[in-house]
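Enquirer: Okay, predicted coordinates and the sequence, questions at the end:
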Amino acid sequence: MAGRMSGPERRSQVLGIAAAEFADHGLHGASIEAVAREAGITQAYVFRMFGTKKALFLELVGAAFDSFSDGMAQAAGEARGLDALTLMGARYYESLADRTTLLLQLQGFAACGDSEVRDLVRTRVARMWDAVAETTGLDPVTVKSFLAFGMLLNNVAALDAGEVSEPWAEGVRTRIHPGLFEHITTATNR
């Protein structure tokens, strides 16, 4: 029958629709009914594919974190140390343009009152930490500083600070140059 989607195609379609719904409304505010309606299927079919609303949310939030971690590790390639960190930072910054993925990450943090969500987000933050620490070989204070700047960038991107022409917004948009992390180490943090 023409126009019918295969199972994997339908699953991919629903994931895309649900990603936007959860990014905008979070775990508790998102509507599976709205996802099903946009996909042209029943809610029951969505639940058959994913089990529960939370299971769908967890899959999407996990994938959002993984896209940032995997992207940074790939960007570093064979580089190590501050050279790798520079490449990883550039990729992270580019990744912020995917607003849905960014907001899914933030919705994951926001839903950490739920123990299953908290466990998933902990695991994914650990994976991000490991991607940076193991790829760069840098000390914990440098890794922590790098990831802290990343969290600030997440918040600035979520706020659409690029649309604001006030001193605070101009300040947070200031580009971070590679040499910034040269003096931030465990040895200098005593």
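Expert: Alright, I've got the coordinates.
Enquirer: Only C-alpha atoms from now on, for both contacts and neighbour counts.
Expert: OK.
Enquirer: can you pull the buried residues of the helix or strand bottoming out on mean pLDDT in the chain?
Expert: When the helices and strands of the chain are scored by mean pLDDT, DSSP states H and E, helix 167-172 comes last with a mean of 86. Judged by neighbour count using 16 or more other CA atoms under 10 Å, the buried positions of helix 167-172 are 169, 172.
Enquirer: Please compute how far that helix lies from its chain's middle.
Expert: 23 Å (CA atoms, centre = their mean, to the nearest Å).
Enquirer: what does that helix rub up against?
Expert: 153, 156, 161, 162, 164 (CA atoms under 8 Å, 6 or more residues apart in numbering).
Enquirer: I'd like the C-alpha coordinates of it written as PDB, please.
Expert: Taking Å, rounded to 0.1, in the frame of the first residue of the first chain, the C-alpha atoms of helix 167-172 are listed here in PDB:
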ATOM      1  CA  PRO A 167      25.300  44.100  28.600                       C
ATOM      2  CA  TRP A 168      24.600  40.800  30.400                       C
ATOM      3  CA  ALA A 169      23.700  39.100  27.100                       C
ATOM      4  CA  GLU A 170      26.700  40.600  25.300                       C
ATOM      5  CA  GLY A 171      28.900  39.400  28.200                       C
ATOM      6  CA  VAL A 172      27.700  35.800  28.100                       C
END
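Enquirer: can you pull out the strands in this protein?
Expert: Counting by DSSP state E, the chain forms no strands at all.
Enquirer: where do the helices sit along it?
Expert: Secondary structure of the chain (DSSP state H): helices at 7-29, 32-39, 43-50, 53-76, 81-95, 99-110, 115-136, 140-158, 167-172.
Enquirer: Let me know which of the ones you listed is the nearest to residue 181.
Expert: Proximity to residue 181 (CA to CA) singles out helix 140-158 among the helices of the chain, at 6.5 Å.
Enquirer: Quote the end-to-end distance of stretch 165-179.
Expert: End-to-end span of stretch 165-179 (CA to CA, to the nearest Å): 27 Å.
Enquirer: low-confidence ranges in the protein?
Expert: For the chain, applying pLDDT under 70 flags the ranges 1-3, 176-178, 190.
Enquirer: separation between residue 49 and residue 14?
Expert: 9 Å.
Enquirer: And residue 130, by the same measure?
Expert: 31 Å.
Enquirer: what does residue 73 give?
Expert: Going from residue 73 to residue 14 by CA to CA gives 28 Å.
Enquirer: Please consider this matter closed, and thank you.
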